[in-house]
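Enquirer: Structural data only, the sequence is not supplied:
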């Protein structure tokens, strides 16, 4: 590893607000019912394998991949399928086909598949297929199916597996908690992933503010010469894939390219833990750890939640929400999505539920061209120009300013003195330009 | 059952708390040392000029928005107050107050509001006001006072240098502002205190002021002039740190800021050495303001990762 900068240009320092950093992971009680959407990943909708009235067990596969880029989905509780209907989806923000399972309260589990626990005896393709069967997708939020991420095109050499433990979003602490409590498992997961990728080196990248996680992982990785724990300066968006690759390896992912173009695969720590669980314990992905935080929730913390649990049920367990609540955000405050209702399920990509009670005004002023957004843009764009063109709906004119390179990190909107919704405007331009292409 | 309405809005859901008003107030605070130095050297009439200029700018904006174009007034953003302060600092300490008021009116209405208000003006409003006054009342605009001796008029250091008068003021008098000139331009020391505050608050980047100063220094050296004298005399410091850095009328790209600063520097020095005026800060910034759209257009940065385009 040559000399690396450990950082990237641009970025902001929002207040961390990681008040739940010291909280242990608490498993919430069995939900009464779960709503499991058939899209929980980038790609095509999964095909249901069950029909109304079927009895399912925890960990039973209930939907199979619906295309080349897709994933499997498993029941997170035992019970009976009561309906397969469209239900409000927390990421798509529109109703989407979902399997609804009423719990029988028994939580009977499907027998775990332990065929792959000694993974070095299996071929890489078999392992990737098993990861797909286990329904593993990127848990950092993007939900890209993991088996595809682990399948770079033939002839591509992967030099580094980078473990993303930055968790640069304010409030969120679930990856931090996982690294502290499941460090051994994560290291095992890394070794399995490195085997699948035939990667020789792995870097665990963690922001410096997670001292205990760094210490724990360093201790366990002490005897692993190919695994380096690399503390990085605290700066948002340190965990953004391209910025993280730049900071840890000094390589630049080309425009429109993917990390494997520069010989790198980036994976979230929670995903790696899920890989460990699947390969070593035969447990598919039907639950995840997420952070519940914000001023308007009684008992914030890091909770292990079954996929499909409704936010209302989750928040009830967290002591309910305060009367002052004004906004519910799934994900982090910089990139997360505001939900219109609590009756939406937790899906695989949700890393946090924030109950916020301070409301930002939606009014914005003229751009005063202060170029604060230009200075913080980690992609070196001109958000000011993208914003003024999009405001006038001159979307085709935005093309000269590379809107498709925007990673939607939100730094520009965060610093804008005129409080312009720059990212939202850029997203509109992107949608327009993509619709013109096809 | 949860009943309360939740608000839905696009990310991000937190904000740095920076606002246009705060940006403007920071610059106004940064001007306090310059105003104080001016009062110290040129007496209490300075305060009247500042007050009249600010009042004229604010009132013009308010009346225009309320009664002419009938939009909600935006005087709360403090930009008109700032324009008033900046305009006052470019004026000679003898200017009749009614002319100050006309200058403020011109700055806000004809240099800012007719273009669509804050954010849309192509030219620095304060400098437009000054340029207007210089054309309208050329004699009053070059009547300067001797510091601490307000009954005697005297030439500014740049005028003296242009007319080959001797002796020229010492560097320390130039640095601390014990020379004649317009209200806010004489004390480099006071301006630098304000500039340090602005940089500390993240409101200005060093690119424009530094490249501006470097530009003037290069041309001065090429003409065989006393470089330090050229940097400290006249309105260069005020122009470089407070006028050329006006965000609305300066480029927004990093490269563009450098080109803009160098351009201002070259023009300022050329006007000083080759032009009819002893000082060129005001006109050079206004001329460079005209080039901002094209500079911005030609210096669009390549996105991160662009050079290594995927095959």
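Expert: Okay, I see it. Just so you know, these numbers come straight off a predicted model, no measurement behind them.
Enquirer: which stretches of the chain aren't confidently modelled?
Expert: Unless you meant another one, I'm taking chain A. Along chain A, segments meeting pLDDT under 70 span A:1-3, A:438.
Enquirer: oops, chain B please
Expert: Scanning chain B for pLDDT under 70 picks out B:1-3, B:307-311.
Enquirer: top helix in it by residue count?
Expert: Assignment by DSSP state H gives helix B:20-42 as the longest helix of chain B.
Enquirer: packing partners for it?
Expert: Contact analysis of helix B:20-42 by 3 or more CB pairs under 8 Å, 6 or more residues apart in numbering or on different chains; DSSP states H and E lists helix B:45-63, helix B:79-89, helix B:188-200 as its packing neighbours. C-beta: built from backbone N, CA, C; applies to glycine.
Enquirer: In the first one, which residues have enough neighbours to count as buried?
Expert: Residues B:45-46, B:49-50, B:52-61 are the ones in helix B:45-63 that count as buried (16 or more other CB atoms under 10 Å in any protein chain shown).
Enquirer: got it, and the last one?
Expert: Neighbour counts over helix B:188-200 (16+ other CB under 10 Å) mark B:188, B:189, B:190, B:191, B:192, B:193, B:194, B:195, B:197, B:198 as buried.
Enquirer: Which of the helices and strands packed on helix B:20-42 sits closest to chain A?
Expert: For chain A, the closest of those is helix B:79-89, at 8.0 Å, according to CB to the nearest CB.
Enquirer: I'd like to know which elements that closest one is packed against.
Expert: Helices and strands touching helix B:79-89, by 3+ CB pairs under 8 Å, 6+ apart, are helix B:20-42, helix B:45-63, helix B:97-110, helix B:125-136.
Enquirer: returning to what we had before: the longest helix of chain B relative to helix B:45-63, how many degrees between them?
Expert: Following axes from the mean of the first three to the mean of the last three CA atoms, to 10 degrees, one obtains 150 degrees for the angle between helix B:20-42 and helix B:45-63.
Enquirer: check contacts around the residue nearest the centre of chain B.
Expert: Geometric centre of chain B, nearest residue: residue B:243, 2.1 Å, by CA atoms, centre = their mean. Taking CB atoms under 8 Å, 6 or more residues apart in numbering or on different chains, we find residue B:243 in contact with B:86, B:124, B:126, B:127, B:281, B:282, B:285.
Enquirer: show me where the stretch 51-200 of chain A has helices.
Expert: A:124-133, A:146-149, A:174-181, A:183-197 (DSSP state H, counting those that start in this stretch).
Enquirer: who wins for proximity to residue A:278 among those helices?
Expert: helix A:124-133 (6.3 Å; CB to CB).
Enquirer: what angle do that closest one and helix A:183-197 make?
Expert: Helix A:124-133 runs at 130 degrees relative to helix A:183-197, counting by the same axes, to 10 degrees.
Enquirer: So for helix A:124-133, what gets flagged as buried?
Expert: Residues A:127, A:128, A:130, A:131, A:132, A:133 are the ones in helix A:124-133 that count as buried (16+ other CB under 10 Å).
Enquirer: Run the chain-centre distance for the longest strand seen in chain B.
Expert: If you go by DSSP state E, chain B has its longest strand at strand B:149-153. Relative to its chain's centre, strand B:149-153 lies at 27 Å (CA atoms, centre = their mean, to the nearest Å).
Enquirer: Could you check the angle it makes with helix B:45-63?
Expert: Using the same axes, to 10 degrees: strand B:149-153 against helix B:45-63 is 80 degrees.
Enquirer: out of the helices of the stretch 51-200 of chain A, which comes closest to residue B:208?
Expert: helix A:174-181 (41.2 Å).
Enquirer: which residue sits closest to residue A:324, ignoring its sequence neighbours?
Expert: Spatially, and ignoring its direct neighbours in sequence, residue A:324 is nearest to residue A:357 (4.2 Å; CB to CB, 6 or more residues apart in numbering or on different chains).
Enquirer: what separates the residue nearest to the centre of chain B from chain A, distance-wise?
Expert: Computed as CB to the nearest CB, to the nearest Å, the residue B:243 to chain A distance reads 15 Å.
Enquirer: For the helices of the stretch 51-200 of chain A, give me TSV that also has distance to residue B:30.
Expert: Output for these, formatted as TSV (distance: least, CB to CB, whole Å):
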stretch	distance to residue B:30
helix A:124-133	58
helix A:146-149	50
helix A:174-181	40
helix A:183-197	50
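Enquirer: Could I get the contacting residues of residue 233?
Expert: I'll assume chain A. A:6, A:7, A:207, A:208.
Enquirer: wrong one, chain B
Expert: By CB under 8 Å, 6+ apart, the contact set of residue B:233 is B:156, B:157, B:158, B:161, B:169, B:174, B:179.
Enquirer: centre of the chain versus whichever helix or strand comes after the longest strand of chain B, how much separation?
Expert: Next helix or strand after strand B:149-153 toward the C-terminus (DSSP states H and E): helix B:157-162. Counting by CA atoms, centre = their mean, helix B:157-162 is centred 22 Å from the centre of its parent chain.
Enquirer: Go ahead and name everything in contact with helix B:157-162.
Expert: B:142, B:144, B:168-169, B:174, B:179-181, B:229, B:233-234, B:272, B:278-279.
Enquirer: Could you tell me how many residues sit around residue 158?
Expert: Picking chain A for this. For residue A:158, the count of nearby residues is 20 (other CB atoms under 10 Å in any protein chain shown).
Enquirer: nope, chain B
Expert: 23.
Enquirer: Same question for residue B:225.
Expert: Neighbourhood size, residue B:225 [other CB under 10 Å]: 17.
Enquirer: ok now do it, which residues does it touch?
Expert: residue B:273.
Enquirer: what about it, distance to residue B:142?
Expert: Between residue B:225 and residue B:142 the computed distance is 21 Å (CB to CB, to the nearest Å).
Enquirer: Quick check: the residue of the stretch 51-200 of chain A nearest chain B.
Expert: Per CB to the nearest CB, residue A:170 is where the stretch 51-200 of chain A lies closest to chain B, at 6.7 Å.
Enquirer: burial of that residue, as a residue count?
Expert: Counted with other CB under 10 Å, residues neighbouring residue A:170 total 21.
Enquirer: That one contacts residue A:17, correct?
Expert: Yes. Residue A:170 lies in contact with residue A:17 (CB atoms under 8 Å); the separation is 4.7 Å.
Enquirer: thinking again about what came up before, adding distance to residue A:407, write the buried residues of helix B:45-63 out as JSON lines.
Expert: Shown next, in JSON lines, are the buried residues of helix B:45-63 (distance: CB to CB, whole Å):
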{"residue": "B:45", "distance to residue A:407": "55"}
{"residue": "B:46", "distance to residue A:407": "51"}
{"residue": "B:49", "distance to residue A:407": "50"}
{"residue": "B:50", "distance to residue A:407": "46"}
{"residue": "B:52", "distance to residue A:407": "50"}
{"residue": "B:53", "distance to residue A:407": "45"}
{"residue": "B:54", "distance to residue A:407": "43"}
{"residue": "B:55", "distance to residue A:407": "47"}
{"residue": "B:56", "distance to residue A:407": "46"}
{"residue": "B:57", "distance to residue A:407": "41"}
{"residue": "B:58", "distance to residue A:407": "42"}
{"residue": "B:59", "distance to residue A:407": "46"}
{"residue": "B:60", "distance to residue A:407": "44"}
{"residue": "B:61", "distance to residue A:407": "39"}
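Enquirer: Sounds good, over and out.
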